[in-house]
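Trainee: Give me the fold of what follows.
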Amino acid sequence: MVAVTETARALSRRRLPAHGFFNFMGRLFRDKPLCAFGFVICALFLFAGIFADVLAPYGYNQISPLNRLKSPSAQFWLGTNNLGRDMLSRCLYPITISFAKRVGQLMTQLPDNQAPNRSYRFYM
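Mentor: Purely as a prediction, here's the structure:
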């Protein structure tokens, strides 16, 4: 009887791990750093996809013939192409399109390799 009560007291004194988002993230970064690195990369892409209109300094097809083939600088972070279009903007906007496509797939639960008919596979 004494051993049972001592065991019950020891179990009641043991602190249970705290639950919550920040505790989970701390444990993730500590226990699985490679997984945490992948999570950070995915979170950055998600952030860039949602806020591409705000983050992009120029329009997707906005041309500036005077700034053709400029190297990276403070004005054009990734430089410009042969028509004078900002390359950073041209990298951010397709993330939005890809993000919208993935959200649509998740909403319909339609994987990439399964399609309702063959014409869908041909055009996608």
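
Trainee: per-residue confidence for I63?
Mentor: pLDDT for I63: 94.

Trainee: So it versus N81, what's the distance?
Mentor: To N81, I63 is 9 Å away according to Cβ to Cβ, to the nearest Å. (Each C-beta comes from the backbone N, C-alpha and C, glycine too.)

Trainee: now R30
Mentor: Counting by Cβ to Cβ, the gap between R30 and N81 amounts to 43 Å.

Trainee: Which one of the two is surrounded by more residues?
Mentor: For R30 versus N81, the count of surrounding residues by other Cβ atoms under 10 Å is larger for N81: 15 against 9.

Trainee: show me what contacts the more buried one?
Mentor: R68, L69, M87, R90 (Cβ atoms under 8 Å, 6 or more residues apart in numbering).

Trainee: Among these, pick out the one closest to F21, please.
Mentor: R90 (34.8 Å; Cβ to Cβ).

Trainee: Packing partners of the one helix or strand the closest one maps to?
Mentor: Applying DSSP states H and E as the criterion places R90 in helix 87-108. Secondary structure elements in contact with helix 87-108, counted by 3 or more Cβ pairs under 8 Å, 6 or more residues apart in numbering; DSSP states H and E, are helix 33-50, helix 52-55.

Trainee: Of all those, which one is nearest F24?
Mentor: The nearest among the helices and strands packed on helix 87-108, by Cβ to Cβ, is helix 33-50 at 10.8 Å.

Trainee: List the buried residues of that closest one.
Mentor: Going by neighbour count (16 or more other Cβ atoms under 10 Å), the buried part of helix 33-50 is A36, A48, G49.

Trainee: And the nearest residue to the second one once chain neighbours are set aside, how far from N81?
Mentor: Beyond its immediate neighbours in the sequence, the residue positioned closest to A48 (Cβ to Cβ, 6 or more residues apart in numbering) is I95, lying 5.2 Å away. Separation of I95 from N81 (Cβ to Cβ) stands at 18 Å.

Trainee: what do you get for L66?
Mentor: From L66 to N81 the distance is 14 Å (Cβ to Cβ).
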